[in-house]
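Asks: Dropping a prediction and its sequence here:
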Amino acid sequence: MNDDKTKDVHIRLAIARRTNCQLFEMLSDVFRSLVPLEDNKCETMGVTYRNALHYNRGFVQECSDGELFWVFLHEAMHIFLQHPKRFAKAIGMGRYPLSEVYKRVEKSPALQYKARLWNWAADLAANQKIEQMFNHMRMRYYAMPRSPQYKVSQMIEPMPGGYLMPKLFGFASGQTTEVYFKWFLKRQQKKQDIVSGQTRGNENESQSLSELEELQDKMDKMPGRGSSGSSAGGIRAEWEKNSDKQEAGLDETHIEQVLKQTAKKIKMYEQVHGAGSVPGFLSEASDELLAPPIVHWTTQLQNNLESTVKWKRGNTHSHYGKANRRQMSIGGFKDSIPILPSKRAGVPIIALVGDTSASMSRAELQDIMATAQGVVKATGAELIFCACDTKVNELKLLNDWTEAAGLMTGRGGTDFRPAFVALEKHDPQPDVVIFVTDGFGPAPHEQPEWCNEVIWVLVETSAKPTEWGEYVYIEELK
């Protein structure tokens, strides 16, 4: 590209945006969603999780037009790859708003440490992706020499050297941000073990760890080299926290709409031009963006229980243990006046069965069961607890959930049938059976007639013990 650094920085940023829109038109909505904000507290350029593009005037003036093109593309790629949300999920905070995630991270040194590693991992993944996009674009427009995009593509120089790439750390190419994040965590743990004397590292390992420390200072001076705003996930940069423009940009709902619109454009282009017409990662990311939202397993469990609980409460029965309020309106309790029965709403009874076989982790089972009983308790139902491996080890109507901790006995093989046999004989019989298991074991051929509903809460998605009953999968534990 022909550099003209005398142009106003706003014009040069607009040119970088327009050039990216021309060459990568499927991502044009993402490029246009970035809100430029001049900010002298920002030393280079970075994007917040609200799509606010903070830039330093001096930095923009020093960059060539080609460098600005790549920086703009790099920052937009963080947005498209949803690095902030993925970081929140990686540290177990996927259910919180991003603003809350960053507040919690900033209060925890351990999470700040992980945030730094995630930032590096996100840059490794993003830089690979934009290099792949550039090569794919060059090949695509090379076959269309008369197109306007061909002329523009020939003016763009390849990605400048010095950007973070997997080979710099000895990592394999083509991996996701999450994979690189795990590798960084392992490498840092290895470093700590060597320093503490718990492990002896070889010469190559010690050298790579030393080089990693030296790179840390160098990588803070340029976007794409390990230092970004909160769009890369991890943590807000210092300039971002101290800025008087923290609320600038778009809210999470608006950003989600932009990303879904982008995903639709990508899939439409792929349908028209055929498989391979877009880079594979764009197609995969679009599939994820357009997939139905994942419902938390406790919400699914609550929804499944709702109809049975409502039916039970509506199924009232008569009794004479308490006087009917209408009795006095017909003359009271005189000999010639009939006694009206009172009505009592049915109380649902729910059996919570835990698979206490050796294939289920005790800690994992306790955590799931405690969460599930919280959902059951919210319905106001009576709770029967059952522990079962190849036989029923415990079966008890609970008044206090703390009793269950000492009842999770077993650790043998797996067979679901004894639990149903025991619950059928139990007085009172449960209206609903919730079975928490990994699914590996024999079950009755059909749902028992005495039970209104059976809900299987599975910690594995691969095993489905029956073709009957409702299924809730706990994928978050994996």
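Replies: Structure's in. What do you need?

Asks: Can you give me every residue that contacts the spatially most central residue of the chain?
Replies: The structure's the chain has its C-alpha centroid closest to Lys89; by CA atoms, centre = their mean the separation is 4.1 Å. With contact set as CB atoms under 8 Å, 6 or more residues apart in numbering, Lys89 has no partners. C-betas here are computed from N, CA, C, even on glycine.

Asks: Got the phi and psi for it?
Replies: Per-residue torsions, Lys89: phi -70, psi -40 (degrees, to the nearest 10).

Asks: What pLDDT is listed against it?
Replies: For Lys89, the model assigns a pLDDT of 87.

Asks: Does Val436 fall in a helix, a strand, or a coil region?
Replies: Three-state call for Val436 (DSSP: H, G, I helix; E, B strand; the rest coil): strand.

Asks: Pull the contacting residues for it.
Replies: The contact partners of Val436, by CB under 8 Å, 6+ apart, come to 352-355, 365, 368-369, 372, 457, 459.

Asks: Let's see that with 6 Å instead.
Replies: Residues near Val436 by CB atoms under 6 Å, 6 or more residues apart in numbering: 354, 368-369, 457.

Asks: Which of those has the largest number of neighbours?
Replies: Gly354 (30 neighbours; other CB atoms under 10 Å).

Asks: So that one is in contact with Ala387, correct?
Replies: Yes. Using CB atoms under 6 Å, Gly354 is in contact with Ala387, at 5.4 Å.

Asks: and for those two, which residues touch both?
Replies: Joint contacts of Gly354 and Ala387 (CB under 6 Å, 6+ apart) are Met408.

Asks: pLDDT and distance to Cys63 added to the contacts of Val436, as JSON lines?
Replies: Output for the contacts of Val436, formatted as JSON lines (pLDDT from 0 to 100; distance: CB to CB, whole Å):
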{"residue": "Gly354", "pLDDT": "88", "distance to Cys63": "60"}
{"residue": "Ile368", "pLDDT": "73", "distance to Cys63": "52"}
{"residue": "Met369", "pLDDT": "74", "distance to Cys63": "57"}
{"residue": "Val457", "pLDDT": "87", "distance to Cys63": "54"}
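
Asks: Narrow those to those in strands?
Replies: Within the contacts of Val436, residues falling in strands by DSSP state E are 354, 457.

Asks: what residue ranges in the stretch 51-200 of the chain score low on pLDDT?
Replies: 141-155, 161-162, 190-200 (pLDDT under 70).

Asks: so where do the helices sit in it?
Replies: With DSSP state H, counting those that start in this stretch as the criterion, the stretch 51-200 of the chain has helices at 57-62, 65-80, 83-90, 98-106, 109-142, 148-155, 177-196.

Asks: follow-up on the earlier one: closest one of the contacts of Val436 to Asn393?
Replies: Gly354 (9.6 Å; CB to CB).

Asks: Distance of the closest one relative to Ala404?
Replies: 8 Å (CB to CB, to the nearest Å).

Asks: Overlap in contacts, these two.
Replies: The contact lists of Gly354 and Ala404 share no entry, where a contact means CB under 6 Å, 6+ apart.

Asks: per-domain residue ranges of the protein.
Replies: 9-290, 297-477 (automatic domain parsing).

Asks: picking that back up, dump the contacts of Val436 to CSV, plus distance to His10.
Replies: Output for these, formatted as CSV (distance: CB to CB, whole Å):
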residue, distance to His10
Gly354, 63
Ile368, 55
Met369, 59
Val457, 56
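
Asks: out of the contacts of Val436, who's nearest Asp415?
Replies: Checking the contacts of Val436 one by one against Asp415 (CB to CB), the nearest turns out to be Gly354, at 13.7 Å.

Asks: Against Gln257, how distant is Gln271?
Replies: With CB to CB as the criterion, Gln271 and Gln257 are 21 Å apart.

Asks: ok, now Ala443?
Replies: Relative to Gln257, Ala443 is positioned 44 Å away (CB to CB).

Asks: more crowded one of the two?
Replies: More neighbours surround Ala443 than the other of Ala443 and Gln257, with 23 against 13 (other CB under 10 Å).

Asks: Who are the contact partners of that one?
Replies: Counted by CB under 6 Å, 6+ apart, Ala443 has contacts 416, 465-466.

Asks: Tabulate these (TSV), appending pLDDT.
Replies: Compiled in TSV, these are given as follows (pLDDT from 0 to 100):
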residue	pLDDT
Phe416	94
Pro465	88
Thr466	90
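
Asks: Compare these and tell me which has the most neighbours.
Replies: Neighbour counts for the contacts of Ala443 peak at Phe416, which has 23 neighbours (criterion: other CB under 10 Å).

Asks: Over to the nearest residue in space to it that is not next to it in sequence. Which of the three states is it?
Replies: With sequence-adjacent residues excluded and distances taken as CB to CB, 6 or more residues apart in numbering, Phe416 is closest to Ala443, at 4.2 Å. Secondary structure, three-state DSSP: Ala443 is coil.

Asks: how near is Ala443 to Tyr102?
Replies: 45 Å.

Asks: what's the answer for Trp70, then?
Replies: Counting by CB to CB, the gap from Trp70 to Tyr102 is 27 Å.

Asks: can you list contacts of the one helix or strand Gln373 maps to?
Replies: Under the criterion of DSSP states H and E, Gln373 resides in helix 362-378. With CB under 6 Å, 6+ apart as the test, helix 362-378 has contacts from 298, 301-302, 350, 354, 383, 401, 436.

Asks: Go again with 8 Å.
Replies: By CB under 8 Å, 6+ apart, helix 362-378 touches 298, 301-302, 305, 350, 352, 354-356, 383, 401, 404-405, 408, 434, 436, 457, 459, 474, 477.

Asks: list the buried ones in that helix?
Replies: 365, 368-369, 372-373, 375-376 (16 or more other CB atoms under 10 Å).

Asks: Same question for stretch 12-24.
Replies: Those would be 12-13, 15-17, 19-21, 23-24, for stretch 12-24 by 16+ other CB under 10 Å.

Asks: In TSV, list the residues you listed along with secondary structure and distance to Leu289.
Replies: Listed next are the buried residues of stretch 12-24 as TSV, based on DSSP: H, G, I helix; E, B strand; the rest coil; distance: CB to CB, whole Å:
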residue	secondary structure	distance to Leu289
Arg12	helix	31
Leu13	helix	26
Ile15	helix	28
Ala16	helix	25
Arg17	helix	22
Thr19	helix	25
Asn20	helix	19
Cys21	helix	19
Leu23	helix	21
Phe24	coil	16
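
Asks: Redo the residues you listed as CSV? Include pLDDT and distance to Asn40.
Replies: Below are the buried residues of stretch 12-24 laid out as CSV (pLDDT from 0 to 100; distance: CB to CB, whole Å):
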residue, pLDDT, distance to Asn40
Arg12, 91, 17
Leu13, 93, 16
Ile15, 90, 22
Ala16, 91, 20
Arg17, 94, 21
Thr19, 89, 26
Asn20, 90, 25
Cys21, 90, 28
Leu23, 85, 31
Phe24, 88, 30
